[in-house]
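Q: The following comprises the amino acid sequence and a computationally predicted model.
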Amino acid sequence: MVETTEIITVKDLVKTYHLGEVDVPALRGVSLHIKNSDFLVITGRNGSGKSTLLHQLGLLDRPDSGELLLEGEDVTLMHEKKRTSLRLRYLGYIFQEFALADELTALENVMLPAMMIDSVSTCRTRALAVLELVGLKGLEHHQPNRLSGGEQQKVAIARSLINDPVVLFADEPTANLDSIAATEVMSLFTSLNTEHDRTVVMITHEQEETRLGNRFIRLADGVIVDEQ
Amino acid sequence: MSSDRSVTDQPRISIIERKIPFYLISRHILRGNKWTLSLVILLMSVAFINLIFINSLFNGIVLASDEQVIATTSGNVTMQTTPGQMFIPNAPEVVKKIDSTPGVVAASARTLVPAGLVYNGIQGSFQIMAIQPSEERNTTNISKKMLSGAYLSDSDTDSIVIGRQIAGGKGVEMNATSFKGAKVGDKVLFTMNGQSKLLRIKGIFYTKYFEADRQAFISNATLDAMQPSYGDVATTVIVKTDKKGDENQVIKGLRKALPGGQFITWKAASGLMKSVTSSFLTINALLTTVGFIIAAVVIFIIIYVDISNKRRQIGIFRAIGIKSYLVGSTYILQSTIYSMVGVAIGSAIFFAIIIPYFKLHPFKIPLGDVSLYVDYVDFLWRAIVVIVVSILAGMLPAILATRKPILDEIAGR
């Protein structure tokens, strides 16, 4: 049994976007705790602030106020170089639109973050193993334009796993997939959480997918309105 | 899962991560759009060729002008009359002493004759020189540039050779002030100090240097026959040395052999041509500056457009933990490779195609035939400057791109 520890602590997070002279509040004091082995599903309407929250958790943006603690360490005002290092080694991020480099093969896309740390041969071995884990054995040398949407998203998942992150963030990972591919990708997230003890934080619009997580929050107008 | 790491670990810059730009750029070159890549490299090559072509052309013009001045008009060194004197006395003895000076190949005494020529009722005032043809043959190349007829011999007493611009005719640049079609065998009336003599046009020469082609030559024997008082005098002695560039050294020897002699180099003697070549050098410097600016702008636009098209990818790379300096370095490396390949291909096209072409088909200008002349030190500097300018032009958009917020980069804002 894995010991339950708190990985991420969010305290009263506020973020407002300034669009010309108009201020658009995206997060209005969100507080949250994420423990290891959680599969947290975030849902809400468009503009509810869920992507903004995920960007904050994934260290892609900074809040206007509030605190974000990673394993107890305050990372809110941390220097960008250190946040980059945390994104590389601690966090895995999966974008809605796959976000692969067109000129790299599936294998090379997966290897890329690992090449920051290890030799090419070590990265290759690890990338092959991760690609096999996500079910892409045999497609390693295909460039993204020769892969289906579901396969591309699996490559993106494999890339997010290559440096053995503490937590995976997924921003509507099935939004651009057909139902079969979406089911495969969701099975993969479930498997990563239950069989490989990965902490997963995922945004979704799909009602069915909210049931796959072991925790659930719903945002509306930048605040958590429901939490289970 | 994270037992070997801590959030408080300090990020390190490792040697290992520095392979990322090379890795990304090698894939970009191998798998990117080949047409775009070819076009970019072609643009870089053309920008570089533009820089070296203009420079080599002006070098060629200056070189052709210098060589024509030396070979037809002033020699490498010119001996002038001393102030207050109209003539250099005892010219044959002077020529002998000059000939025996180290570094001298040949010397020729010339006497400027204050005479007029009349042909078919056309009166012309041209520069007429009395020479010793055998000396002149060894000193200038005019005897080898005969368009028709033959050059003078020492014993000629009733012959004259004239330049193409004096003879005139259809297609001759200065036909309006020429004899408008004089031919070999025709007679011209030579008048000097009230004495006249009909001279047969023995030859017409064409050096392609307009100043030389406005000259006419008679032999010393012809002058002696009409005006014995000119005897052994000369107005200038032109000296051919064995190497261009060592004139000052030769002049030192000449001053020892002929104390009090007034010697000047071809550069000092070239007069009008000196200001013409100086103007060419100024134009060359201006065009070079413009060329560098054009090259820098072209490279900047290429890299900027490339980066603009890849902003989302740059954002993604940064989001997954690739350090900004590595992403930026990828584009700096890209501009370095583009410029180096552009310089290499531009040089290959220039040396293998353009230079041989202009050797076969030189530009024909009133200074002579001009082909391209490459100053290799200058060429190397230009190549280095193009590469450095490319690196700087690539650096600016790369730095700008990696300083934007990651989410703006991904969203293309």
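A: Great, that's in hand.
Q: Can you list the residue ranges for helices in chain B?
A: When assigned using DSSP state H, the helices of chain B occupy the ranges B:19-31, B:34-68, B:91-99, B:133-139, B:164-167, B:220-226, B:247-257, B:266-269, B:272-309, B:311-319, B:324-349, B:355-360, B:376-403, B:406-411.
Q: Which of the ones you listed has the highest mean neighbour count?
A: Sort the helices of chain B by mean neighbour count, taking mean count of other CB atoms under 10 Å in any protein chain shown, and helix B:164-167 sits at the top with a mean of 26. For every residue, glycine as well, the C-beta is placed using N, CA and C.
Q: what's the neighbour count on the residue nearest to A:G149 when sequence neighbours are not counted?
A: In space, and not counting its chain neighbours, A:G149 is closest to A:L177: 5.0 Å by CB to CB, 6 or more residues apart in numbering or on different chains. Close neighbours of A:L177, defined as other CB atoms under 10 Å in any protein chain shown, add up to 22.
Q: Kindly provide the distance from A:L177 to A:Q96.
A: Remark: distance between A:L177 and A:Q96 (CB to CB, to the nearest Å) = 10 Å.
Q: Equivalent analysis for B:K359, please.
A: Separation of B:K359 from A:Q96 (CB to CB) stands at 62 Å.
Q: so A:L69 sits in a strand?
A: Yes - under DSSP: H, G, I helix; E, B strand; the rest coil, A:L69 sits within a strand.
Q: if I read this right, it contacts A:K11, doesn't it?
A: Yes - contact criterion CB atoms under 8 Å: A:L69 and A:K11 qualify, at 7.4 Å.
Q: rewinding a little: do you know which of the helices of chain B lies nearest B:L147?
A: helix B:164-167 (5.8 Å; CB to CB).
Q: Can you confirm whether stretch A:59-74 lies near chain B?
A: Yes - residues of stretch A:59-74 contacting chain B under CB under 8 Å from any CB of the partner chain: A:60-61, A:70-73.
Q: Now, of the residues you listed, which are buried?
A: Listed as buried from the residues of stretch A:59-74 next to chain B are A:60-61, A:70-71; burial here means 16 or more other CB atoms under 10 Å in any protein chain shown.
Q: and the two most separated of the residues you listed?
A: A:D61 and A:E71 (20.0 Å).
Q: Ramachandran coordinates for the residue nearest to B:L63 when sequence neighbours are not counted?
A: Spatial nearest neighbour of B:L63, chain neighbours left out: B:Y373 (4.8 Å); criterion: CB to CB, 6+ apart. Note on B:Y373: backbone dihedrals following degrees, to the nearest 10 are phi -120, psi 120.
Q: Would you mind measuring from B:Y373 to A:P173?
A: Per CB to CB, B:Y373 is found 65 Å from A:P173.
Q: cool, and A:S121?
A: A:S121 is 30 Å from A:P173, where distance means CB to CB.
Q: how about TSV for the residues of stretch A:59-74 next to chain B, with pLDDT and distance to B:K267 added?
A: Shown next, in TSV, are the residues of stretch A:59-74 next to chain B (pLDDT from 0 to 100; distance: CB to CB, whole Å):
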residue	pLDDT	distance to B:K267
A:L60	95	68
A:D61	94	69
A:L70	93	76
A:E71	90	79
A:G72	90	81
A:E73	91	76
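Q: Nearest to B:T402 among the residues you listed?
A: Set against B:T402, the nearest of these by CB to CB is A:L60 (14.6 Å).
Q: close enough to count as contact, that closest one and A:Y93?
A: Yes - in terms of CB under 8 Å, A:L60 counts as a neighbour of A:Y93; the distance is 7.3 Å.
Q: List the residues that are in contact with both of these two.
A: Counting by CB atoms under 8 Å, 6 or more residues apart in numbering or on different chains, the shared contacts of A:L60 and A:Y93 are A:87, B:319.
Q: Of all residues in the stretch 51-200 of chain B, which one is closest to chain A?
A: Using CB to the nearest CB, the closest approach of the stretch 51-200 of chain B to chain A is made by B:L51 at 31.3 Å.
Q: what do you get for the stretch 101-250 of chain B?
A: For the stretch 101-250 of chain B, CB to the nearest CB, closest residue to chain A: B:G245, 54.1 Å.
Q: And for chain B?
A: B:G321 (2.6 Å).
Q: give the contact list for residue 203.
A: As the question left the chain open, I've gone with chain A. A:41-43, A:50-51, A:54, A:170-172.
Q: looking at chain B here, not the other one
A: Contacts of B:G203 by CB under 8 Å, 6+ apart are B:146-152, B:161-162, B:184.
Q: What pLDDT does the model give it?
A: If you check B:G203, the pLDDT there is 96.
Q: burial measure for the closest residue to it other than its chain neighbours, as a count.
A: Nearest residue to B:G203, sequence neighbours excluded (CB to CB, 6+ apart): B:G149, at 3.3 Å. By other CB under 10 Å, the residues close to B:G149 number 17.
Q: ok now do B:G149, which residues does it touch?
A: Contacts of B:G149 by CB under 8 Å, 6+ apart are B:161, B:184-185, B:201-204.
Q: between the residues of stretch A:59-74 next to chain B, which is nearest A:K137?
A: Nearest to A:K137, judged by CB to CB, of those is A:L60 at 31.0 Å.
Q: Quick check: nearest residue in space to that closest one, chain neighbours excluded?
A: B:I406 (5.1 Å).
Q: Give me the below-cutoff pLDDT ranges for the chain.
A: You didn't say which chain, so I picked chain A. A:1-4 (pLDDT under 70).
Q: ah, no, chain B please
A: Along chain B, segments meeting pLDDT under 70 span B:1-13, B:271-273.
Q: Walk me through the domains of it.
A: The domain map for chain B lists B:16-67+B:275-411, B:83-260, with the assignment taken from automatic domain parsing.
Q: wait, what's in contact with B:L392?
A: B:L392 neighbours (CB under 8 Å, 6+ apart): B:A296.
Q: show me what contacts the one residue in chain A that gets nearest to chain B?
A: In chain A, no residue comes nearer to chain B than A:L88, which is 2.6 Å away by CB to the nearest CB. When contacts are counted by CB under 8 Å, 6+ apart, A:L88 touches A:113, A:116-117, A:163, B:320-322.
Q: ok, these vs B:A167, which is closest?
A: Using CB to CB, B:I322 comes nearest to B:A167 of the contacts of A:L88, at 76.8 Å.
Q: And the closest one, how close does it get to A:E140?
A: 21 Å.
Q: These two: which is more packed in?
A: B:I322 (24 against 19).
Q: Next, the distance between the ends of stretch A:65-82.
A: Using CA to CA, to the nearest Å, the end-to-end distance of stretch A:65-82 comes out at 19 Å.
Q: Same check on stretch B:186-203?
A: 10 Å.
Q: Go through that stretch and flag the buried ones.
A: Buried, per 16+ other CB under 10 Å, within stretch B:186-203: B:186-188, B:190, B:192, B:197, B:199, B:201-203.
Q: Would you enumerate the residues in contact with the spatially most central residue of chain B?
A: What sits nearest the mean C-alpha location of chain B, by CA atoms, centre = their mean, is B:N59, with 1.7 Å. B:N59 is in contact with B:284, B:372-375, B:378, counting by CB under 8 Å, 6+ apart.
Q: Okay, A:S85 and A:V75: tell me how far apart.
A: Distance, A:S85 to A:V75, using CB to CB: 11 Å.
Q: got it, and B:M340?
A: Using CB to CB, B:M340 is found at 42 Å from A:V75.
Q: circling back to that earlier point, give me the more crowded residue out of B:Y373 and A:P173.
A: Ranked by neighbour count (other CB under 10 Å), B:Y373 and A:P173 place A:P173 first, with 28 against 17.
Q: distance of the nearest residue to the more buried one once chain neighbours are set aside from A:I203?
A: Of all residues not flanking A:P173 in the chain, A:I94 sits nearest, at 5.1 Å (CB to CB, 6+ apart). To A:I203, A:I94 is 10 Å away according to CB to CB.
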